[in-house]
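1. sequence and computational prediction follow.
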Amino acid sequence: METRLLSVEQAAERLGASAGGVSKFTVRSWLRSRKLAHVRLGRRVLIPADALEAFIRENTVPAEVTPGRAARATLRAGRGVNEA
């Protein structure tokens, strides 16, 4: 089994650093606080790609389903959705 290892810079890029998202300093902070799994090889710090994917999955906040604009207006008026 071959595990792909990413540098801190590569991990930041995958998390959207080029789009102004996550900086390499933020990734290093997560490594220090052990929020993100990593491997040390001498002085190099590498992040397994599957650990990065797991980190994303674990920190994903699900979207909240809200009724559409018309349904909200009906509910505010004190009527049920089916009564409109």
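-> Looks like it came in fine.
2. just the helices in this protein please.
-> 8-14, 24-32, 49-58, 69-76 (DSSP state H).
3. mean pLDDT, distance to residue 41 and mean neighbour count added to those helices, as TSV?
-> Just so you know, the C-beta spots here come from the backbone N, C-alpha and C atoms, and that holds for glycine as well. Formatted as TSV, the helices of the chain follow (pLDDT from 0 to 100; distance: least, CB to CB, whole Å; neighbours: other CB atoms under 10 Å):
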stretch	mean pLDDT	distance to residue 41	mean neighbour count
helix 8-14	92	13	19
helix 24-32	94	14	16
helix 49-58	94	15	13
helix 69-76	66	54	12
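4. relative to residue 2, which of those is closest?
-> Of all the helices of the chain, helix 49-58 sits nearest to residue 2, with 10.4 Å by CB to CB.
5. quick one: distance of that closest one to the chain centre.
-> How far helix 49-58 lies from its chain's middle: 8 Å, per CA atoms, centre = their mean, to the nearest Å.
6. contacts for that helix, please.
-> 3, 4, 5, 6, 11, 14, 15, 30, 35, 36, 37, 38 (CB atoms under 8 Å, 6 or more residues apart in numbering).
7. for PyMOL, what selects the buried ones among those?
-> Selecting only the buried entries of these in PyMOL, with 16 or more other CB atoms under 10 Å as the criterion:
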select buried, resi 5+6+11+14+15+30+36+38
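8. please tabulate the contacts of helix 49-58 in JSON lines, including the columns distance to residue 59.
-> Formatted as JSON lines, these follow (distance: CB to CB, whole Å):
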{"residue": "3", "distance to residue 59": "21"}
{"residue": "4", "distance to residue 59": "20"}
{"residue": "5", "distance to residue 59": "21"}
{"residue": "6", "distance to residue 59": "17"}
{"residue": "11", "distance to residue 59": "14"}
{"residue": "14", "distance to residue 59": "14"}
{"residue": "15", "distance to residue 59": "10"}
{"residue": "30", "distance to residue 59": "10"}
{"residue": "35", "distance to residue 59": "9"}
{"residue": "36", "distance to residue 59": "10"}
{"residue": "37", "distance to residue 59": "13"}
{"residue": "38", "distance to residue 59": "16"}
